[in-house]
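> here is the input, now give the coordinates:
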Amino acid sequence: MTQSTQPANVHQLRIGDFMLTTLLDAQMEASFALPQNIDEAEARRLHQQSRRPTPPRITLNVYLLDTGDRKILIDTGLGGLAGDTGPYLLENLATIGVAPADIDTVLITHVHPDHVGGLIDADDNAIFPQATVLVPAGELDYWGGEIPDDVSDAQKGQFQAAHRVIAAVGSQMQHLEGTEVLPGITRVPLPGHTPDHSGYRIESGHERILLWTDVVHMPQIQFPCPDAGVAFDTDIAQARETRHAIMAELAESGEMVGGHHLDFPGIGYVEADGDGYRFLPHVWQPTV
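Got it, this is the predicted structure:
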């Protein structure tokens, strides 16, 4: 009898002397109410044109960077919030022989539940007990503060999840100031999706990649129409400006990009295409 689920897996890519591994954490069901700044009929047309199933699903990746000296997770996925479509993070780490205690650093891009939920288990115990958790300063200050009166119910839930995670692992967290993070890793401010939403540029030898995290959630819609944001952008206008700027930069430079919501393995290139862009996925290879 054929099994109904695909084996969750990993994808490894050398960046100079570093090894970057994409770990699939989950897929989340979405709706056509999620895209903003685009007519719903146009969003549906672009989605159908991509030959994707309906309702749409959003991929959630986590990245592991092995520099030889450090094992660094970039975000941690949903953890216990993923339901029956994940999370696969710990399973996939085990597949490549990495135990939670082997992780010495966690870089957080922003404090949304699908990026920090995997820091804790269902009983609020730290999953990565040996790790220093580096969080962009503006993110930690914003999400760790009081819940604003004017936020939506969805945003209120995001604040509550953030408070829960910070209460559990706050002693491991450090404010990340400036752009210099660790050797070979630079923080790239990409504000709008959240106040201090940040990507990380990884460089080793003559190779580099930008992990742009949540610049794109629905690639089949937002590449051809970069004006389109998502309902949970904190500042949708700023997020749109950021998306246009970074897509133009990467299309011009040819730099490789990775994204937490790009289709697994979440690595490829941005190509200008008329008034928008298209994503050229990295071709899988059997050896690294």
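> can we go C-alpha only for contacts and neighbour counts from here?
Noted.
> how many residues are close by Leu182?
Neighbours of Leu182 under the rule other C-alpha atoms under 10 Å: 10.
> tell me where the stretch 1-150 of the chain has strands.
10-15, 18-29, 35-36, 57-66, 71-74, 105-107, 132-136 (DSSP state E, counting those that start in this stretch).
> direction included, what does the second one pair up with?
Read it as strand 18-29. strand 10-15 (antiparallel), strand 57-66 (antiparallel) (DSSP bridges).
> could you give the separation of it from the chain centroid?
Centroid separation for strand 18-29 versus its chain: 9 Å, with C-alpha atoms, centre = their mean, to the nearest Å.
> please save the CA atoms from it in PDB.
Listed next in PDB are the C-alpha coordinates belonging to strand 18-29 (Å, rounded to 0.1, in the frame of the first residue of the first chain):
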ATOM      1  CA  PHE A  18      30.100  26.400   5.000                       C
ATOM      2  CA  MET A  19      27.300  23.900   4.700                       C
ATOM      3  CA  LEU A  20      23.700  25.300   4.500                       C
ATOM      4  CA  THR A  21      20.900  22.900   5.000                       C
ATOM      5  CA  THR A  22      17.200  23.500   4.400                       C
ATOM      6  CA  LEU A  23      15.000  21.700   6.800                       C
ATOM      7  CA  LEU A  24      11.300  21.400   5.900                       C
ATOM      8  CA  ASP A  25       9.300  22.200   9.000                       C
ATOM      9  CA  ALA A  26       5.700  22.400   7.800                       C
ATOM     10  CA  GLN A  27       3.100  23.400   5.200                       C
ATOM     11  CA  MET A  28       0.300  25.700   6.200                       C
ATOM     12  CA  GLU A  29      -3.000  26.100   4.500                       C
END
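> list the buried residues of it.
Phe18, Met19, Leu20, Thr21, Thr22, Leu23, Leu24, Asp25, Ala26, Gln27, Met28 (16 or more other C-alpha atoms under 10 Å).
> any idea what the last one is bridged to?
Residues found in beta-bridge contact with Met28 (criterion: DSSP bridges) are Ile58.
> hang on, Leu176 packs against Leu134?
Yes: contact criterion C-alpha atoms under 8 Å: Leu176 and Leu134 qualify, at 5.7 Å.
> which residues in the stretch 101-250 of the chain form helices?
113-116, 137-143, 153-169, 219-222, 236-253 (DSSP state H, counting those that start in this stretch).
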